[in-house]
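Enquirer: Here you go, sequence then predicted model.
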Amino acid sequence: MSRFLIPAAIFLALAGVLYVGVVHSPNKSTMQSALLGKPVPDFNLPVLGKPGMTLTKAQLDGRPWVLNVWGTWCVACREEHATLLEIGRQNALPLVGLSWKDEDEAALDWLSQLGNPYSVVAVDHDGRTAIDFGVYGAPETFFIDAGGRVQYRHVGPMTPEVWEREFLSRVPRGGLP
Amino acid sequence: MHWRASVLALLSALLLGVAIPSAAFDIESMPTPEMQRRYDGLTHELRCMQCQNQSIADSPVGLAEDLRRDVREQIIAGKTDAQIRDSMVARYGNIILFRPPFTPSTAWVWVLPFLLLLVGVLIAVRIVRHRTTLVANDDSVIEPEDVTR
């Protein structure tokens, strides 16, 4: 009897291990940010359409804000744009854009044609700031709390449901100061 | 004997075919051979986050290019391999390393193969012991055809 029991037990154990591996294999769209709970990386970037102006982390400290990484070369960014416009109209949180490895001309055209949901857009030409944020594919959207810490990262197009559930829910009660 | 030679040739052709693309994107060269060696090593052990089964050395996508630049700059800035790996993990998480670190959640990855090997050895020992006793008790006459076979 044990002749069959032992191999069967080993088989089941191995099948279990592989099953867990398959079920928990990191899905590209649900991968957690390594920055959760950590301070936002330092940056000092030019502001899109405002020559001579720069945006730094320090300017945004003290209140929650949202960073949306996008590019005109990114198809899914076009997909989420209507949702971003709606979010911009709500005006519940400052929406900061990060123009990732893009031409300024193209980015400005995009905003004038499709509408501009952003409070301000920082320009990351060479992608260094995006790497510091652990970005691996646009669009990505980060929630940063008043203490300047990353609390959530959404990969893929923003939807009204995700916005409601993961972003608005993180705004402290009583609204913004 | 000819088929052996052709199988060997086929195998080496396949191996070469697999090996060539891995060098295709490493156009950047480092200032010293020592730095080049470290650059090659590090870029081959960091995962391209956009195409997860390739290393950043093997991937042509823009992000892999940016990460190779990051590795290159950190080496030139005098960072150690461990510091560079840590900075990658701090930004992208453990998944960026092809070789997972030994932590409580990954311990089984490292321990399981050795456990299974041990189990295999124990089973083999059991079988061999069992067979030895069989032979000791076997007093049947050996027929000539058993020997020739």
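Expert: All right, it came through fine.
Enquirer: And the next helix or strand past the longest helix anywhere in chain A?
Expert: Taking DSSP state H as the criterion, chain A has its longest helix at helix A:2-23. The helix or strand immediately downstream of helix A:2-23 is strand A:44-46, counting by DSSP states H and E.
Enquirer: now for that next one, which elements pack on it?
Expert: strand A:54-56, strand A:120-124 (3 or more CB pairs under 8 Å, 6 or more residues apart in numbering or on different chains; DSSP states H and E). (Each C-beta comes from the backbone N, C-alpha and C, glycine too.)
Enquirer: Could you pull up the mean pLDDT of that strand?
Expert: Mean pLDDT, strand A:44-46: 97.
Enquirer: now swap in stretch A:65-82 and tell me
Expert: pLDDT averaged over stretch A:65-82 gives 95.
Enquirer: Can you give the distance of that stretch from its chain's centre?
Expert: On the basis of CA atoms, centre = their mean, to the nearest Å, stretch A:65-82 sits 10 Å off its chain's mean C-alpha point.
Enquirer: now swap in stretch A:59-69 and tell me
Expert: Centre-to-centre, stretch A:59-69 and its host chain are 12 Å apart (CA atoms, centre = their mean).
Enquirer: quick check, stretch A:74-81 touching chain B?
Expert: No. Using CB under 8 Å from any CB of the partner chain, stretch A:74-81 stays clear of chain B, with a minimum separation of 11.4 Å.
Enquirer: Buried residues of that stretch, list them for me.
Expert: Burial within stretch A:74-81, assessed by neighbour count using 16 or more other CB atoms under 10 Å in any protein chain shown, is assigned to A:Cys74, A:Cys77, A:Glu80, A:His81.
Enquirer: Just give the number of residues close to residue 121.
Expert: No chain was given, so I picked chain A. When counting by other CB atoms under 10 Å in any protein chain shown, one arrives at 25 neighbours for A:Val121.
Enquirer: actually it's chain B I care about, not the one you picked
Expert: By the measure other CB under 10 Å, the count of residues near B:Val121 is 10.
Enquirer: quick check, it in a helix?
Expert: Yes. Using DSSP: H, G, I helix; E, B strand; the rest coil, the assignment for B:Val121 is a helix.
Enquirer: Give the burial count for A:Leu98, as a bare number.
Expert: Neighbour count of A:Leu98, defined by other CB under 10 Å: 28.
Enquirer: With A:Pro94 instead?
Expert: By other CB under 10 Å, 17 other residues sit near A:Pro94.
Enquirer: Okay, now the unreliable bits of the chain?
Expert: Just going to use chain A. Chain A contains residues with pLDDT under 70 at A:1-2, A:25-30, A:174-177.
Enquirer: That was the other one, I meant chain B.
Expert: Using pLDDT under 70, the flagged stretches of chain B are B:1-28, B:135-138, B:146-149.
Enquirer: what does it put close to chain A?
Expert: Within chain B, the positions near chain A by CB under 8 Å from any CB are B:49-50, B:52, B:62-63, B:66-67, B:70, B:89-93, B:95, B:108, B:112, B:119, B:123.
Enquirer: could you redo the last one with a cut-off of 10 Å?
Expert: Counting by CB under 10 Å from any CB of the partner chain, chain B comes close to chain A at B:47-52, B:61-63, B:65-67, B:69-70, B:73, B:87-96, B:108-109, B:112, B:116, B:119-120, B:123, B:126.
Enquirer: out of everything not next to it in sequence, what's closest to A:Leu84?
Expert: Spatially, and ignoring its direct neighbours in sequence, A:Leu84 is nearest to A:Pro117 (4.0 Å; CB to CB, 6 or more residues apart in numbering or on different chains).
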